[in-house]
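>>> What would the 3D arrangement of this be:
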Amino acid sequence: MRETSRAGREQRAKPKAAPEAATLLAWYDVSARVLPWRARGGAKPDPYRVWLSEIMLQQTRVETVLPYYAKFLARWPDVTSLANARQEEVLSAWAGLGYYARARNLHACAKAVVAEFAGAFPEGEDELRRLPGIGVYTSAAISAIAFGRKATPVDGNIERVMSRLFAVEEKLPAAKKTLSRLAAEMTPAIRAGDFAQAMMDLGATICTPKRPACAICPWMDVCIARARGDQETFPRKTAKEEGKLRKGAAFVVLREDGHILLRTRGEKGLLAGMTEVPGSEWSAEYKESTKAAPVAGLKWEKTAGVVRHVFTHFPLELTVYRTGVAKRMRAPKAMRFVALGALEDEALPSVMRKVIAHALEIERKPKGRRK
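Predicted coordinates for the structure are as follows:
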């Protein structure tokens, strides 16, 4: 019955015309979002700003990126100044934005552009892809938006628009090639960058994942999924397997002069180069213990509850232990005490900020109320 219904919808879904790039560009000319990295009033796009925004926007919402973008631009207004920064500074400024490999690659890319291209980003997709952190999507976005070349970046927004426009039944991620081909076939030789940004805006503001505003869409009359009435079911997706829960311990050492014990993670793996509270390994087999404590012989208080955080591939639960030490205590090897008031300057990922906030909340509660 369900298959018959789908077949009936498909027979009825025959728009009279094919979608045209010119229609979308006309909409974009009056409806484009005003974003700080976009050139306006006929100004020439700045490749550095385009690149910086595209790296930040990977898997991150625009509203989240805006304050980080402004902070980076104020501190490092061009690729040379960013290349000359210390990696620790870049990681610290990035802290909280997530997916920290992007920050390391951002810094490495800036250095490569200065060293190999005298501070000028290359225009072609092939050359761009040879730079750290720049893949197929980002190279196409920079080439099209910053340099006006005919290139077709395809992000999640554009995949959704294409899948609905042509009612692509193939499931993601297998459908990526088909959706990219459809988008490339529509990309005009002139204004390719505007066309890419127009599709991004369409997906972000009208062709949204839920409750798309089809009635005001410039491609309303030529969208096959809308004609069928099942636009919200696109794109088709293969169900993702949830990662296995990992657990671990975090040890918060608070010195009586208002300092906290921290260390820097290794240069490889998850959260590489970031600052953290000392702790145990994270694993599905973790059993509660203080064996991994950074200082032997201290009395540890296990705080109530756990700190939960979700990474891309797995959820995490951390048991937080805390203790207080005298002002005269020195940090163990490869660790350091940092003033609580200076934590904003540390490259602390979100999970570690949660751990510290949890421990400090317990510290502030009257002892009689700790449960």
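>>> how about low-confidence regions in the chain?
Along the chain, segments meeting pLDDT under 70 span 1-17, 362-371.
>>> hey, where'd the strands end up in it?
246-255, 259-264, 275-276, 301-302, 307-310, 315-325, 335-339 (DSSP state E).
>>> got TSV for those, with mean neighbour count too?
(Glycine included, C-beta is placed from N, CA and C.) Conversion of those to TSV gives the following (neighbours: other CB atoms under 10 Å):
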stretch	mean neighbour count
strand 246-255	22
strand 259-264	20
strand 275-276	20
strand 301-302	14
strand 307-310	15
strand 315-325	19
strand 335-339	16
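>>> closest to Met199 out of those strands?
Smallest distance to Met199 across the strands of the chain (CB to CB): 29.2 Å, for strand 307-310.
>>> Mind giving me the packing neighbours of that closest one?
Where contact means 3 or more CB pairs under 8 Å, 6 or more residues apart in numbering; DSSP states H and E, strand 307-310 is packed against strand 315-325, helix 350-364.
>>> Export those as JSON lines, with columns for distance to Glu54.
Below are the helices and strands packed on strand 307-310 laid out as JSON lines (distance: least, CB to CB, whole Å):
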{"stretch": "strand 315-325", "distance to Glu54": "28"}
{"stretch": "helix 350-364", "distance to Glu54": "22"}
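>>> Ok, which of the strands of the chain comes nearest Ala196?
Closest to Ala196 of the strands of the chain, according to CB to CB: strand 307-310, at 30.4 Å.
>>> partners of the closest one, with directions?
According to DSSP bridges, strand 307-310 forms sheet pairs with strand 315-325 (antiparallel).
>>> so what's the residue lying closest to Val325 once chain neighbours are set aside bridging to?
Excluding the flanking residues, the one nearest Val325 by CB to CB, 6 or more residues apart in numbering is Arg255, at 5.3 Å. On the basis of DSSP bridges, Arg255 is bridged to His259, Val325.
>>> is it true that Arg255 touches Thr323?
No. Assessed by CB atoms under 8 Å, Arg255 is found out of contact with Thr323, at 10.1 Å.
>>> Now the common contact residues for those two.
Taking CB atoms under 8 Å, 6 or more residues apart in numbering as the criterion, Arg255 and Thr323 do not both touch any residue.
>>> Nearest to Ala296, out of the helices and strands packed on strand 307-310?
Here strand 315-325 is closest among the helices and strands packed on strand 307-310 (CB to CB), at 11.8 Å.
>>> Hey, what's the angle from the closest one to strand 335-339? Just curious.
Strand 315-325 and strand 335-339 are oriented at 80 degrees to each other (axes from the mean of the first three to the mean of the last three CA atoms, to 10 degrees).
>>> For the residue lying closest to Gly266 once chain neighbours are set aside, give me phi and psi.
Sequence neighbours aside, Ala272 is the residue nearest to Gly266 in space, at 6.2 Å (criterion: CB to CB, 6+ apart). Dihedral angles of Ala272 (phi, psi; degrees, to the nearest 10) stand at phi -60, psi 130.
>>> any idea how far Ala272 lies from Thr312?
Separation of Ala272 from Thr312 (CB to CB, to the nearest Å): 15 Å.
>>> And those two? Which one has more around it.
Set Ala272 next to Thr312 and count neighbours by other CB atoms under 10 Å: Ala272 wins out with 15 against 9.
>>> my guess is the more buried one meets Ala103, correct?
No. Counting by CB under 8 Å, Ala272 stays clear of Ala103, with 9.9 Å between them.
>>> Report the contact partners of the closest residue to Ala70 other than its chain neighbours.
Excluding the flanking residues, the one nearest Ala70 by CB to CB, 6+ apart is Pro36, at 6.8 Å. Applying CB under 8 Å, 6+ apart, we find Pro36 in contact with 49, 53, 66, 69-70, 73.
>>> And those, which two are furthest apart?
Taking CB to CB, no two of the contacts of Pro36 sit farther apart than Arg49 and Leu66, at 13.0 Å.
>>> coming back round to it: right, and the strands of the chain - which one's nearest Glu170?
strand 307-310 (28.4 Å).
>>> Off-centre distance for the closest one?
From the chain centre to the centre of strand 307-310 is a distance of 17 Å (CA atoms, centre = their mean, to the nearest Å).
>>> re the thing from before, OK, contacts around the residue nearest to Gly266?
100-101, 104, 265-266.
>>> how much space between it and Thr138?
Separation of Ala272 from Thr138 (CB to CB): 20 Å.
>>> cool, Ala296 as well?
From Ala296 over to Thr138 the distance is 47 Å, taken as CB to CB.
>>> out of the two, which sits in the more crowded spot?
Thr138 (23 against 8).
>>> Now do the contacts for the more buried one.
Applying CB under 8 Å, 6+ apart, the residues near Thr138 are 51, 54-55, 58, 128, 153.
>>> Farthest pair within the residues you listed?
Gln58 and Leu128 (14.7 Å).
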